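In: I'll drop the sequence and a predicted model, then ask my questions.
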Amino acid sequence: MRRFLQIVGGLLLALVLVVVGAGVATFGGLPPIPDGQDVAGVARVVKDGYVAAFVLDIGDGKVALVDAGSDPAAGALLAELTRRGLGPDAVTDILLTHGHADHTAGIKQFPAAIVHALGTEVPLVEGRASGHGPLTRWIPAKDQGIRVTDPLQDGARVTIGTRTAEVFAVPGHTAGSAGWLVDGVLFLGDSADATKEGTLLGAKYIFTDDAAQNHASLLALSERLAPRRATVKALACAHTGVLEGGDALFAFR
């Protein structure tokens, strides 16, 4: 019996070491989320645990969100609204970069908001499909009552108050991952990570459906936006903060 317990204990220890090692390899050396940072006068970073959401002032006492965080109670986002003297109904629109739960959990706290996502991402957002990455494939699909009210096609433009948001398909991290360009700020969700050196990395492999497709999508996005390069003022990533200017995207290889 003692020998059996030693074997089980050894296996559990090995599993813990693998998980810790994977975490260090995935997140180690990346810059922290800059909670409260102003992004080019367009958005404010709201840190929600290990993920960022972004609040956009759209005029007339209204705001929009890029993603809705990992907290079903949306505590960090509601605190940011309170700081502005606003309540949940001030959120008119939520722009989703993709359907993983750490980006959609807070949506139900904003019942007045229109939820925008690429049409190809709707099944994941609504819990009718699961991911296909090394880790996400083991997380079963579950309907959390979240619904996309505005499914979009690649290249669509959405007017949100005083701002215009343009959506770009960036498949790979998930089937319907999107980048949103709003007044020169490109919100990339989990499709890319910023580094401390100011460069851009592709999506984290362990959570990504197809890393090769993700890489190709970022290259394609770089080429697509190249004619407007001078207008890209910042790159906003969901787990590693913000890069000034667009150079990191256009240098991505």
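Out: Looks like it arrived, so ask away. Residues are numbered from 1 along each chain as shown.
In: so which helix or strand takes in residue 225?
Out: Counting by DSSP states H and E, the element that carries residue 225 is helix 211-225.
In: Check the offset of that helix from the chain's centre.
Out: Relative to the centre of its chain, helix 211-225 is centred 16 Å away, using Cα atoms, centre = their mean, to the nearest Å.
In: Only alpha carbons, please: show that helix as PDB.
Out: The C-alpha coordinates for helix 211-225 follow below in PDB (Å, rounded to 0.1, in the frame of the first residue of the first chain):
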ATOM      1  CA  ALA A 211      -1.400  28.100 -34.200                       C
ATOM      2  CA  ALA A 212      -0.300  28.000 -37.900                       C
ATOM      3  CA  GLN A 213      -3.600  29.600 -39.000                       C
ATOM      4  CA  ASN A 214      -3.200  32.200 -36.300                       C
ATOM      5  CA  HIS A 215       0.300  33.100 -37.500                       C
ATOM      6  CA  ALA A 216      -1.000  33.300 -41.100                       C
ATOM      7  CA  SER A 217      -3.900  35.400 -40.100                       C
ATOM      8  CA  LEU A 218      -1.700  38.000 -38.300                       C
ATOM      9  CA  LEU A 219       0.500  38.200 -41.400                       C
ATOM     10  CA  ALA A 220      -2.600  38.700 -43.600                       C
ATOM     11  CA  LEU A 221      -3.900  41.400 -41.200                       C
ATOM     12  CA  SER A 222      -0.600  43.200 -41.400                       C
ATOM     13  CA  GLU A 223      -0.700  43.200 -45.200                       C
ATOM     14  CA  ARG A 224      -4.300  44.300 -45.200                       C
ATOM     15  CA  LEU A 225      -3.700  47.300 -42.900                       C
END
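In: what's the average pLDDT for it?
Out: Mean pLDDT, helix 211-225: 98.
In: any idea whether residue 188 is helix, strand or coil?
Out: Using DSSP: H, G, I helix; E, B strand; the rest coil, the structure places residue 188 in strand.
In: Wait, it touches residue 97, no?
Out: Yes. Using Cβ atoms under 8 Å, residue 188 is in contact with residue 97, at 7.0 Å. Just so you know, the C-beta spots here come from the backbone N, C-alpha and C atoms, and that holds for glycine as well.
In: which one of the two has more residues nearby?
Out: Taking neighbours as other Cβ atoms under 10 Å, residue 188 and residue 97 compare with residue 97 leading, 31 against 28.
In: what about that one, distance to residue 138?
Out: 22 Å (Cβ to Cβ, to the nearest Å).
In: Now do the contacts for the most centrally placed residue in the chain.
Out: Using Cα atoms, centre = their mean, the residue of the chain that lies closest to the mean C-alpha position is residue 189, 2.7 Å off. Contact analysis of residue 189 by Cβ atoms under 8 Å, 6 or more residues apart in numbering lists 67, 97-98, 103, 173, 177-179, 237-238.
In: Give me the pLDDT value at it.
Out: You'll see residue 189 listed with a pLDDT of 98.
In: Which ones among the contacts of residue 189 map onto strands?
Out: 178-179, 237 (DSSP state E).
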